[in-house]
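Q: The following comprises the amino acid sequence and a computationally predicted model.
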Amino acid sequence: MPRKWTRKCPDCNIDIEYGSRKAYHIAIKFPSRRCRWCKQKGKQISNETRQKLSVSRLGKGHPHTEKHKQNMRGSGNGMYGIHRYDIQNPFYGKHHTEEARRKMRIAACKRVIKLQRNNNGRINNVGKKEGRYFRKLERKNGWNGIFFSKSRRQYLIEPLGYFVDYFEPNLNIVVEYDEPRHYKNGTLKAKDIKRMEEIKQHLGCQVWRYNEYTGILTK
């Protein structure tokens with residue numbers, strides 16, 4: 001096997017390998033030269049360059065070195081033989097705060113919006129029955145006219161991280177379409193009641209609920 005010429009990166013202290021003795025000795029003359037990863041720190045890459053890099057690396061992947069593979073397997077891995085179940089889990093018995101829950105909901109909503117852009121603005125979890133009901137509701141109340149053109153389905157209340165099924169901003173009315181899973185023993189689940197109260201407090205709106213099973217609209 002050919003000899004490998006290596007030196008340490010002055011910043012991150014990893015080994016830099018050189019393919020020839022000449023390249024190695026040139027690097028020795030400039031001890032401040034860093035590895036290619038450290039050279040990129042703090043640099044801004046244009047979107048065009050990112051696209052070219054993405055195309056050039058497509059299908060090539062980033063294979064691990066043999067040393068890295070050895071560290072990942074068996075006793076070389078710091079997590080080898082460690083199981084974080086029940087009381088061994090650092091989060092066991094703890095609960096997220098309301099603020100943390102709100103932030104997680106907002107992040108989830110942003111992911112949904114990103115998917116919408118890739119799906120012609122459509123949300124896949126809207127059922128056919130729900131769509132038909134809201135079209136009927138719009139016709140009945142005249143919400144599809146010019147004055148009510150801002151009526152929205154699957155409206156996002158971003159500060160709360162909630163999507164509501166229907167929002168009429170001119171009348172400040174929220175309409176929720178409840179499938180049977182929203183009820184337990186004929187009563188609206190506690191989490192849905194809590195969600196409804198938060199929406200009322202934030203928007204100061206009326207909340208109408210349509211029960212799909214009974215066909216009753218509660219105002």
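A: That came in fine, so what should we check first?

Q: List the residues that contact residue 17.
A: For residue 17, the contact set (CB atoms under 8 Å, 6 or more residues apart in numbering) comprises 4-6. The way it works is simple: take the backbone N, C-alpha and C, and place the C-beta from them, glycine included.

Q: got a winner among those residues for most neighbours?
A: residue 5 (17 neighbours; other CB atoms under 10 Å).

Q: what about the residue lying closest to it once chain neighbours are set aside, which SS state?
A: Of all residues not flanking residue 5 in the chain, residue 24 sits nearest, at 3.5 Å (CB to CB, 6 or more residues apart in numbering). Secondary structure of residue 24, reduced to three states by DSSP: H, G, I helix; E, B strand; the rest coil: helix.

Q: just to revisit the earlier point, where does confidence bottom out across the contacts of residue 17?
A: When these are compared on pLDDT, residue 4 comes out lowest, with 71.

Q: secondary structure class for the closest residue to that one other than its chain neighbours?
A: Using CB to CB, 6+ apart and skipping residues adjacent in sequence, the residue nearest residue 4 is residue 17, 5.6 Å away. When classified by three-state DSSP, residue 17 comes out as strand.

Q: For beta bridges, what are the partners of residue 17?
A: With DSSP bridges as the criterion, residue 17 is bridged to residue 6.

Q: Same question for residue 156.
A: residue 163.

Q: mind checking how far it is from residue 131?
A: 18 Å (CB to CB, to the nearest Å).

Q: So which of the two has more stuff around it?
A: residue 156 (17 against 12).

Q: okay, the more buried one: pLDDT?
A: 89.

Q: same deal with residue 126?
A: pLDDT, residue 126: 66.

Q: coming back round to it: which residues does the residue nearest to residue 5 contact?
A: Per CB under 8 Å, 6+ apart, neighbours of residue 24: 5-7, 18.

Q: Give me the buried positions along the lengthiest helix in the chain.
A: For the chain, the helix with the greatest residue count under DSSP state H is helix 98-117. Within helix 98-117, the residues scored as buried using 16 or more other CB atoms under 10 Å are 102, 106, 109.
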